[in-house]
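# the following comprises the amino acid sequence and a computationally predicted model.
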Amino acid sequence: MNNSSRSYKAQRVIDRMDKKLNRQMLTSLLACVHCGMCTDACHYVLANPGDPTYAPSYKADQIRKFFKRHYDWTGRVLPWWVKAKSLYTDEELEELKDTVFGKCTNCRRCTLNCPMGVDYATFNRMARGLLVSVGIMPEGVAVVSKDQWEIGNQMGVLKEDYIDTLEWLSDELEEEFGDPRARIPIDLENANIVYSINPREVKYDPRTISDAARIFYLAGESWTMPSEGWDMTNFGLFSGDDDLGGAVGRRLFEKVSELGGKKLVISECGHGYRSTRCEAQNWAGWDVDFEMESSVITMLRYISEGRITVDKSKNQSPVTFHDSCNNARSCGLTEEPRQLLNLVVEDFREMYPNRAENYCCTGGGGAMSMSEYTPRRLKSAKIKADQLKATGAEYVCTSCHNCVDGLTDLIRHYKLGMKVTQLVNLVAEALVVPEVVAVPSVEIPEVAAAGVLAGHSVLVVDDEPDFVVYVSTLLEDNGAAVHRAFSGEEALRLAAEHQPDLITLDISMPGMSGQEVFERLREDKSLREVPICIITGQPELRKLIYDRPHRAPEGFLSKPIDEEQLILNVRKVLKIPHEKESPKTESSEAKKGV
Ligand code: SF4
Ligand code: SF4
């Protein structure tokens, strides 16, 4: 084929590569001697013995061959000798997409095992960026990138929902400590710490925010959360789009500077920490003049300085630790989490291999957003599942929200029965509240919580009767009126009949699926405003959340769920302020035999 027969997109990919070729990239592209020492480092290889297309060097060669054909003299002069080959068609670009997005999580474990210093993940990211620049990428990558470009965070959380969440978390905190100062300060100027988070915390896991707030309050910290520019995650790291990476980093840096914050603290997220602290300054061309720190280090410092006191006997269950690839391999954050764990849990069990040699959770590199590769991802997770199982731990702790999702998914798939947690949760659990802080007695929150959902009706939809009973009982114990549906058809009928305030909906049901129920509810004029909380055992179906043109579900929970998680999320969706906790309902009192 000659140049004139090359597709427009293939030509652009080749042309744009020129701008990406820095010294680090060139070294990695040229240094491979095909020794094969990196092969068994990759979890995809271990899960697919005999398939050479998963080997890091094979995958790298799919990028290397067109680099050599156009940018290396050996490939221009003797293409047949160095296996140089150009790109011509859009089909070839699609094949490349499958390799760079679907067969690598950019975990960099192969890098560690390469004697020549080849960093495949670096130019795999570059290849992703080249494809993204011509619109070739998995749909999930396109949707998440769009939300981060347009709404300012990668989960499309609206400003009013974010502020609303911080407000009701503040209300709870103030009530817990009986102190009007125990609130989450928003846009406080000249604070010591500006705290940035992963949008997953607002949307699905607000407990991590309230636990962090509890720690800041007890440490007597001067801190704040920004009203805008608060997302420290950066999908540009995954998609290879440096423009997006720069725009996201700039938003956060600008906000910290505007507030006059002295230090930016980044909550537990591996790729957020790496992109914000190490990469975004380059992408954004921004010279940061404030300190940046992982919240893991902040918490450890508070304990060592005596600003908070912890009691490890409050965390008795065996806990192991999963090193996020970005934290451990790319940022060297390996010892501080272990120092912290040894201070706050009784039984910490190391996982092997660990630290920089740890295996990926398999959800890295944006893999959780690429549902088309889910079976491949879960197959490759077998090595991680075996690692986890060998520890015998009940909990796996990780300092990364992405890993929380990846681990939760594989634990469910391989039926390991473990729970996933983060350091902020374990530290908050171990906190010893000093006497000078007015704390309500233990009974008060329990009694108060009894009627928190009083006056609200919920339709629970799931084909598993045990699960329906479990969720219904939790909701009723908290004062809600509950209707139960065991199929899609029954759900639509009961929704029309009772017009509930909220519907919890399973996705995977025989007959009419939860997805169809969701769509029909959204298309029904009289029901489309009813908030829906998806509760599913198959979180990869969260793609549904992003489906257009329907409004996304208002809540999303992965099974298994616990009471605290369910009630927090239901309250958030129903926007129930803490004042509603006070009145006790007749029914809840009667149920508890009071
Ligand atoms: S270990 Fe390094 S030199 Fe050897 S095949 Fe892998 S990337 Fe190439
Ligand atoms: S970066 Fe990780 S997933 Fe990608 S090839 Fe290397 S070891 Fe495999």
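Great, that's in hand. Ligands and ions are numbered 1, 2, ... in the order given.

# ok, and for the strand or helix carrying Gly75, which residues are buried?
Assessed by DSSP states H and E, Gly75 sits inside helix 73-77. Residues of helix 73-77 classed as buried: Gly75 (neighbour count, 16 or more other C-beta atoms under 10 Å). All C-beta spots, glycine's among them, are computed from the backbone N, C-alpha and C.

# name the helices or strands packed onto the helix or strand that comes right after that helix?
Downstream of helix 73-77, the next assigned helix or strand under DSSP H and E is helix 90-102. If you count contacts as 3 or more C-beta pairs under 8 Å, 6 or more residues apart in numbering; DSSP states H and E, helix 90-102 packs onto helix 8-20, helix 56-71, helix 120-133.

# out of those helices, which one sits most buried?
A comparison of the helices and strands packed on helix 90-102 by mean neighbour count, using mean count of other C-beta atoms under 10 Å, puts helix 120-133 on top with a mean of 23.

# give me the number of residues near Val143?
18 (other C-beta atoms under 10 Å).

# phi first, then psi, for it.
Backbone torsions of Val143, given as degrees, to the nearest 10, read phi -70, psi -50.

# contacts only, for the closest residue in space to Met512 that isn't next to it in sequence.
Using C-beta to C-beta, 6 or more residues apart in numbering and skipping the chain neighbours, the partner closest in space to Met512 is Gly488 (2.8 Å). Applying C-beta atoms under 8 Å, 6 or more residues apart in numbering to Gly488 gives the contacts 461, 509, 511-514, 516-517.

# again, 6 Å this time
The contact partners of Gly488, by C-beta atoms under 6 Å, 6 or more residues apart in numbering, come to 509, 511-512, 517.

# tell me which two of these sit farthest apart.
Largest separation among the contacts of Gly488 by C-beta to C-beta: Gly511 and Val517, giving 10.1 Å.

# so for these two, which residue has more residues nearby?
Val517 (25 against 10).

# my read is that one is in a helix, agree?
Yes - counting by DSSP: H, G, I helix; E, B strand; the rest coil, one finds Val517 located in a helix.

# ok, it touching Ala491?
Yes - counting by C-beta atoms under 6 Å, Val517 does reach Ala491; the two are 5.2 Å apart.

# state the distance from the residue of the stretch 401-550 of the chain found nearest ligand 1 to Val141.
In the stretch 401-550 of the chain, the residue that lies nearest ligand 1 is Gly406 (24.5 Å; C-beta to the nearest ligand atom). Distance of Gly406 to Val141, computed by C-beta to C-beta, to the nearest Å: 16 Å.

# who has more neighbours out of the two?
Gly406 (28 against 22).

# residue contacts, that one?
If a contact means C-beta under 6 Å, 6+ apart, then Gly406 has 361-363 as its contacts.

# for the residues you listed, which entry has the maximal number of neighbours?
Busiest of the contacts of Gly406 [other C-beta under 10 Å] is Cys361, holding 33 neighbours.

# residue contacts, it?
For Cys361, the contact set (C-beta under 6 Å, 6+ apart) comprises 403, 406-407.

# in a strand, it, correct?
No - the assignment for Cys361, made by three-state DSSP, is coil rather than a strand.

# helix or strand: which one has the nearest residue to it once chain neighbours are set aside?
Nearest residue to Cys361 in three dimensions, chain neighbours excluded: Gly406, at 3.5 Å (C-beta to C-beta, 6+ apart). Secondary structure from DSSP H and E places Gly406 in helix 401-413.

# what packs against whichever helix or strand comes after that helix?
As assigned by DSSP H and E, the chain's next helix or strand after helix 401-413 is strand 419-421. With contacts defined as 3 or more C-beta pairs under 6 Å, 6 or more residues apart in numbering; DSSP states H and E, the packing partners of strand 419-421 are strand 395-398, helix 401-413.

# just checking: what are the partner strands of strand 419-421?
strand 395-398 (parallel) (DSSP bridges).

# return the distance of the partner strand from the chain's centre.
Distance of strand 395-398 from its chain centroid, counting by C-alpha atoms, centre = their mean, to the nearest Å, is 14 Å.

# residues in contact with the most centrally placed residue in the chain?
Nearest to the geometric centre of the chain sits Asn402, at 3.3 Å (C-alpha atoms, centre = their mean). Going by C-beta under 6 Å, 6+ apart, Asn402 touches Gly363.

# run through the stretch 351-500 of the chain and note the low-pLDDT ranges.
436-450 (pLDDT under 70).

# over to the chain?
1-4, 436-450, 539-549, 577-594.

# ligand 2 contacts on that one?
Residues of the chain lying close to ligand 2 (C-beta under 6 Å from any ligand atom) are 41-42, 44, 56, 59, 104-110, 120-121.

# pick the one among these closest to Ser5.
When the residues of the chain next to ligand 2 are compared against Ser5 (criterion: C-beta to C-beta), the nearest one is Lys59, at 26.5 Å.

# my guess is the closest one contacts Thr99, does it?
Yes - Lys59 is within contact range of Thr99, at 5.3 Å (criterion: C-beta under 6 Å).

# what strand or helix carries the closest residue to Gly285 other than its chain neighbours?
In space, and not counting its chain neighbours, Gly285 is closest to Gly246: 6.9 Å by C-beta to C-beta, 6+ apart. Assigned by DSSP H and E, Gly246 belongs to helix 242-259.

# going by distance to ligand 2, which of the contacts of Cys361 wins?
Of those, the one sitting nearest to ligand 2 (C-beta to the nearest ligand atom) turns out to be Gly406, at 12.6 Å.

# check the gap between the residue with the largest distance to the centre of the chain and ligand 1 for me.
Note on the chain: the largest C-alpha distance from the chain mean falls to Val77, namely 46.5 Å (C-alpha atoms, centre = their mean). Going from Val77 to ligand 1 by C-beta to the nearest ligand atom, to the nearest Å gives 23 Å.

# who touches the nearest residue to Ser275 once chain neighbours are set aside in this structure?
Distance criterion C-beta to C-beta, 6+ apart; nearest residue to Ser275, sequence neighbours excluded, is Asn234 at 3.7 Å. The contact partners of Asn234, taken as C-beta under 6 Å, 6+ apart, are 245, 248, 275.

# same thing but at 7 Å, please
With C-beta atoms under 7 Å, 6 or more residues apart in numbering as the criterion, the residues that contact Asn234 are 245, 248-249, 271-272, 275-276, 280.

# ligand 2: which of these is nearest?
Proximity of those to ligand 2 was ranked by C-beta to the nearest ligand atom; the top entry is His271 with 13.5 Å.

# mind putting the contacts of Gly488 into JSON lines with distance to Tyr71?
What follows is the contacts of Gly488, written out as JSON lines (distance: C-beta to C-beta, whole Å):
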{"residue": "Met509", "distance to Tyr71": "53"}
{"residue": "Gly511", "distance to Tyr71": "56"}
{"residue": "Met512", "distance to Tyr71": "54"}
{"residue": "Val517", "distance to Tyr71": "53"}
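
# now the residues you listed in a markdown table, with secondary structure and distance to Pro49?
Below are the contacts of Gly488 laid out as a markdown table (DSSP: H, G, I helix; E, B strand; the rest coil; distance: C-beta to C-beta, whole Å):
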| residue | secondary structure | distance to Pro49 |
| --- | --- | --- |
| Met509 | coil | 36 |
| Gly511 | coil | 39 |
| Met512 | coil | 41 |
| Val517 | helix | 41 |
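
# just name the closest of those to ligand 2, please.
Set against ligand 2, the nearest of these by C-beta to the nearest ligand atom is Met509 (34.2 Å).

# interface residues of the protein facing ligand 1?
32-38, 56-57, 114, 116, 118.

# mind running it again at 5 Å?
Remark: the part of the chain in contact with ligand 1 comprises 32-35, 37-38, 57, 114, 116, 118, using C-beta under 5 Å from any ligand atom.

# filter those residues down to just the ones in helices.
The helices, defined by DSSP state H, take in Ser57 from those.

# please, a ChimeraX command that selects the buried ones among the residues of the chain next to ligand 1?
Listed next is the ChimeraX selection for buried residues among those, using 16+ other C-beta under 10 Å:
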select :32,38,57,114,118
